[in-house]
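1. Need a 3D model of the following:
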Amino acid sequence: MSGAPTQKTDQEEPRRPAPRKPADVETVWLDIDTGAGVDMDGREVLPILGGRRTKKPILSDLLTTALHHHARRLVVCGQVPDHAEAWLLPTDSQREEFDGTWTTRGLYLRSGSPARGRFTHTATKAHVDLHVAAEWFGGHDLTPVQARWSTRELASIINQVVKREWALMDRPGAEGINLWKLLAPDSYDMAPMDPDIGALIASTSPQHRYEYLVKGPSSCDCGDCLAPIDPDTQIDQFCYVDGRFMYAGSVTGEVGAAPATMLDGPGAQDLFAENPYWPARYHIRFRIPSWWTGIGILPVKHPDGKRWHWPNRPGSVHETWADASELKLAVDQGYTTEAAPEGPVDNPVEFLGGIKLSKVNSLRPYAEAVQRMIAEARRRWADKNPTAAGILEAALKHMYRVSIGQMASHNPVTTTTVLDSGDIPRDIASFTTLRDAKGHRVAYQYETERWHRDPDTWHPEIASRLWALSRVRTLSTPIAGTRLKTGALSIPEEQLIAIHGDAIYTTQVPVWSLPVEAGGGDDGRDGRLRLKGVLPGPLTVPATRADRGDLSEQAEAHGIPIPETDDA
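-> The predicted structure follows:
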């Protein structure tokens with residue numbers, strides 16, 4: 001019997017994730033050492049210290065001060081300790097005072113990331129969310145006055161570009177994702193990624209390329225990554241070349257996005273043959289040609305299953321997943337050609353499968369908007385206050401980078417304080433216990449299933465594509481004013497010390513890394529490789545990554561050589 005058409009469920013109904021106007025949350029900025037600071041209107045905030053304390057506040061003091069000024073967001077400024085446990089987890093002596101006033105709704109204490117905390121006042125039930133200024137302005141120990149000004153100015157710049165009067169979100173990743181939703185073109189329907197395909201992409205995609213080409217403890221030990229430089233080699237100079245905002249400069253076309261389609265081997269081979277530029281990932285088996293003398297091109301999971309490496313030993317065979325841009329570069333460089341006595345012969349790549357993305361403009365509007373924001377920050381402040389301009393520019397770039405990373409991020413880790421393991425909710429399948437200095441249990445950590453709650457922001461296919469495009473651009477990038485491409489692949493192997501993300505370290509200055517006015521290929525645009533510093537020798541080549549880091553700082557501080565000009 002026929003009936004009325006079946007109504008589609010929410011999951012079946014196509015929908016476009018919408019940005020949301022952030023709430024303008026009452027905020028105070030407080031110094032971690034004094035507890036003093038400012039509120040949203042710039043008024044002075046004096047600390048409220050409990051017990052017999054007269055100088056150094058503790059966590060409960062900062063929260064109480066924020067609550068007294070009706071703040072629901074507390075931004076901690078100054079020299080915040082790297083280890084959040086040192087100040088965000090109450091010690092035994094502090095616990096009685098803390099537990100009598102506050103409860104912890106959740107903490108974020110992931111190593112290497114700024115700490116966050118959510119607290120509730122026991123008596124009033126008021127919530128206070130704690131952040132650190134470094135979450136937006138890393139690398140700068142800003143005072144509360146400086147942090148407030150930077151936050152307000154950043155919001156003004158963003159609002160001018162996107163033509164909105166919105167408050168700044170508390171986290172740069174959340175702000176960036178919101179802007180990405182706002183700026184996405186109508187031609188991109190922003191379809192969610194299939195969980196299984198997305199998980200496959202996330203597990204087979206590295207982000208940065210870290211490769212050390214000096215034989216020794218920092219070079220790859222797999223046997224298929226050949227480091228050409230001996231550790232005692234004497235060099236005339238140490239040169240530091242770096243990519244300029246590569247994650248934005250690499251977005252020159254349609255990055256692609258979900259919906260994604262799984263391909264078998266023949267289907268993947270046909271797609272690459274028909275259009276090698278189509279946004280896709282390929283599961284391949286390849287052999288490095290016998291004549292190859294350069295660095296590796298295709299990323300391969302290290303035998304330890306944890307790291308990624310770039311094998312370059314001639315004749316070695318490897319299986320991996322590679323982005324279309326990386327595979328295209330390898331083919332262009334001759335990976336599919338072998339040398340034989342009778343002449344060149346085929347060295348084909350074996351296609352085992354693939355993932356075809358939809359060819360859509362998923363990222364460029366957002367990337368270009370961030371570039372306009374940076375230009376506006378420079379216009380406002382580069383001449384009047386270069387330091388302020390630098391802080392704002394760094395914050396905007398950081399927002400863009402972390403929002404891309406958030407698209408492919410693992411589930412967030414939440415930390416909650418408890419007094420006994422029996423207080424841990426039964427619906428948490430696994431957790432890690434944290435202990436204080438005396439070995440007492442003070443907290444537990446667990447992963448929250450992020451993309452199940454918000455599939456609109458989980459797009460590892462976009463992050464994976466951008467990471468690959470940036471890695472390719474480090475190896476081979478366009479030179480201003482020509483159709484030529486150059487990069488790490490063009491540097492003689494005996495001169496290339498290391499690749500660290502989009503930074504390149506060499507023993508000679510690559511001419512193409514100089515400014516255009518000095519005869520090089522850097523015209524100042526994002527995505528260019530440019531010389532950051534040269535440290536004159538004679539020197540011994542850095543034997544380890546740590547040594548390389550020291551020389552890199554010295555080279556940047558020394559600057560670049562200024563070419564001599566003919567005054568006539």
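2. Every contact and neighbour count from this point should use C-alpha atoms.
-> Will do.
3. do you know how far G501 is from L489?
-> 14 Å (CA to CA, to the nearest Å).
4. can you list the weak-confidence ranges in the chain?
-> 1-14, 51-54, 111, 410-454, 562-568 (pLDDT under 70).
5. for it, what spans make up the helices?
-> 59-68, 85-88, 92-99, 144-162, 172-183, 195-203, 246-249, 265-274, 324-332, 364-381, 386-407, 450-453, 460-475, 545-558 (DSSP state H).
6. Looking at those, spot the one closest to H309.
-> Closest to H309 of the helices of the chain is helix 460-475 (CA to CA; 12.8 Å).
7. Mind giving me the packing neighbours of that closest one?
-> Under the contact criterion of 3 or more CA pairs under 8 Å, 6 or more residues apart in numbering; DSSP states H and E, helix 460-475 touches helix 195-203, helix 246-249, strand 257-264, helix 324-332, helix 386-407.
8. Reformat the ones you listed as JSON lines; add distance to L298 and mean neighbour count.
-> Below are those laid out as JSON lines (distance: least, CA to CA, whole Å; neighbours: other CA atoms under 10 Å):
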{"stretch": "helix 195-203", "distance to L298": "16", "mean neighbour count": "16"}
{"stretch": "helix 246-249", "distance to L298": "19", "mean neighbour count": "23"}
{"stretch": "strand 257-264", "distance to L298": "20", "mean neighbour count": "19"}
{"stretch": "helix 324-332", "distance to L298": "6", "mean neighbour count": "19"}
{"stretch": "helix 386-407", "distance to L298": "21", "mean neighbour count": "20"}
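9. Domain map for the protein?
-> 210-249+473-558, 257-358 (automatic domain parsing).
10. now those domains in JSON lines, with distance to V45?
-> Output for the domains of the chain, formatted as JSON lines (distance: least, CA to CA, whole Å):
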{"stretch": "domain 210-249+473-558", "distance to V45": "38"}
{"stretch": "domain 257-358", "distance to V45": "47"}
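11. right, and those domains - which one's nearest D129?
-> That would be domain 210-249+473-558 among the domains of the chain, by CA to CA, at 30.7 Å.
12. Would you indicate which residues of stretch 95-106 are buried?
-> Buried residues in stretch 95-106, counting neighbours by 16 or more other CA atoms under 10 Å, are found at 98, 101-106.
13. Cross these against strands and list the overlap.
-> Within the buried residues of stretch 95-106, residues falling in strands by DSSP state E are 102-106.
14. Please determine how far V28 is located from R148.
-> 8 Å.
15. who touches both of those two?
-> 38, 40 (CA atoms under 8 Å, 6 or more residues apart in numbering).
16. More neighbours: which of those two?
-> For V28 versus R148, neighbours defined as other CA atoms under 10 Å are more numerous around V28 (30 against 24).
17. Find the nearest non-adjacent residue to that one, please.
-> Distances taken as CA to CA, 6 or more residues apart in numbering put D39 closest to V28, at 4.4 Å, once the chain neighbours are dropped.
18. Contact partners for that neighbour?
-> 27-29, 45, 69 are the contacts of D39 under CA under 8 Å, 6+ apart.
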